[in-house]
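I would like the atomic coordinates for the input below:
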Amino acid sequence: MAVGSALVLLLMALPQLAAAHVLDVDLSKLSRTDIAWTYIKLGYTHILPLGLDHILFVLSIFFLEPRLKPVLWQATAFTVAHSITLGLAIYGFINPPAGIIEPVIALSILFVAIENIFAERLNPWRVAIVFGFGLIHGMGFASALTSLGLPRSMFFESLISFNVGVELGQVSVILLAWLLIGHWFAHKPWYKQRVVVPASVIIGLVAAYWTVERVFFA
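Below you'll find the predicted structure:
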């Protein structure tokens, strides 16, 4: 219990580190290749280690069915969705208010965590649910990328590079979770009771805390 409580407190506190996510290089002195690489790294670090809410969402879709194929199908739906809203927001077609988007992102994590606890198997419609939540998460990515800024001379390329970095971060989370958990325990008869439920309860508690924090104290 002490370890679980410490983990909850750590996960609640770590998202505050996202404020340190800044662009600290002079892009005018970089080549086009270096600029693209800079935004790939920014996209990656927006997931690992700074994107705790996005990490928990990806882990939530992993835990219920940790085989790589179904997880990657869900991750693909999530990527397509967040790419759509990220592009629309960056190009100014939509202007999502952070005061609404951030609590909804937390609620999406809570929803999937609760589903993990009560669902006996992966439902076919979950891909659609993940796609819908991906649209919301893409707006969250857009908020971060807007604060970083994009170079006018490489606007589209930098946008794509950031998105590639985000995807690489998500895939890293999935592969790491599979190597540490899925590969060894997914087929055990006690996997649901000893892994899925406790992990989902912790994730759900963190997501509930973030929801309240973002609605009432942001």
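
the one helix or strand residue 174 maps to: which residues count as buried?
Secondary structure assignment for residue 174, by DSSP states H and E: helix 155-177. For helix 155-177, burial by neighbour count (16 or more other C-beta atoms under 10 Å) applies to 157-163, 165-170, 173-174, 177. Every C-beta, even on glycine, is put in place using the N, C-alpha and C of the backbone.

so how far is it off the chain centroid?
Distance of helix 155-177 from its chain centroid, counting by C-alpha atoms, centre = their mean, to the nearest Å, is 10 Å.

repeat that for stretch 190-198.
In terms of C-alpha atoms, centre = their mean, the centre of stretch 190-198 is found 22 Å from the chain centre.

so the residue lying closest to residue 70 once chain neighbours are set aside: helix, strand or coil?
In this structure, residue 70 finds its nearest non-sequential neighbour in residue 122, 5.8 Å apart by C-beta to C-beta, 6 or more residues apart in numbering. Assigned state for residue 122: coil (three-state reduction, DSSP: H, G, I helix; E, B strand; the rest coil).

got the phi and psi for residue 122?
phi -70, psi 120 (degrees, to the nearest 10).

and it, what does it touch?
Contacts for residue 122 (C-beta atoms under 8 Å, 6 or more residues apart in numbering) come out as 64-65, 70.

helices of this structure, residue ranges please.
Shown for the chain, the helices assigned by DSSP state H span residues 2-13, 32-47, 52-64, 68-90, 98-118, 126-148, 155-177, 183-185, 191, 197-216.

in the chain, which residue sits furthest out from the middle?
residue 29 (31.3 Å; C-alpha atoms, centre = their mean).

pLDDT wise, what is it at?
What the model reports as pLDDT for residue 29 is 78.

ditto for the one 4 residues further on
Per-residue confidence for residue 33 comes out at a pLDDT of 91.

try residue 2
Among the per-residue scores, residue 2 holds a pLDDT of 38.

before we move on, what about the one 3 residues further on?
Per-residue confidence for residue 5 comes out at a pLDDT of 45.

over to residue 15?
For residue 15, the model assigns a pLDDT of 47.

can you check residue 108 too?
In this model, residue 108 is scored at 96, pLDDT.

which residues touch it?
Applying C-beta under 8 Å, 6+ apart to residue 108 gives the contacts 57, 133, 136-137.

next one: residue 79
134, 166-167, 170.

what about 10 Å?
Listed by C-beta atoms under 10 Å, 6 or more residues apart in numbering, the contact set of residue 79 reads 72, 130-131, 134, 137-138, 163, 166-167, 170-171.

next, count neighbours for residue 143.
16 (other C-beta atoms under 10 Å).

what is the neighbour count of residue 120?
7.

adjust the sequence numbering to begin at 6 for everything that follows.
Understood, numbering begins at 6; the last thing we discussed is residue 125.

and the gap between it and residue 201?
Plainly put, residue 125 is 10 Å away from residue 201 if you go by C-beta to C-beta, to the nearest Å.
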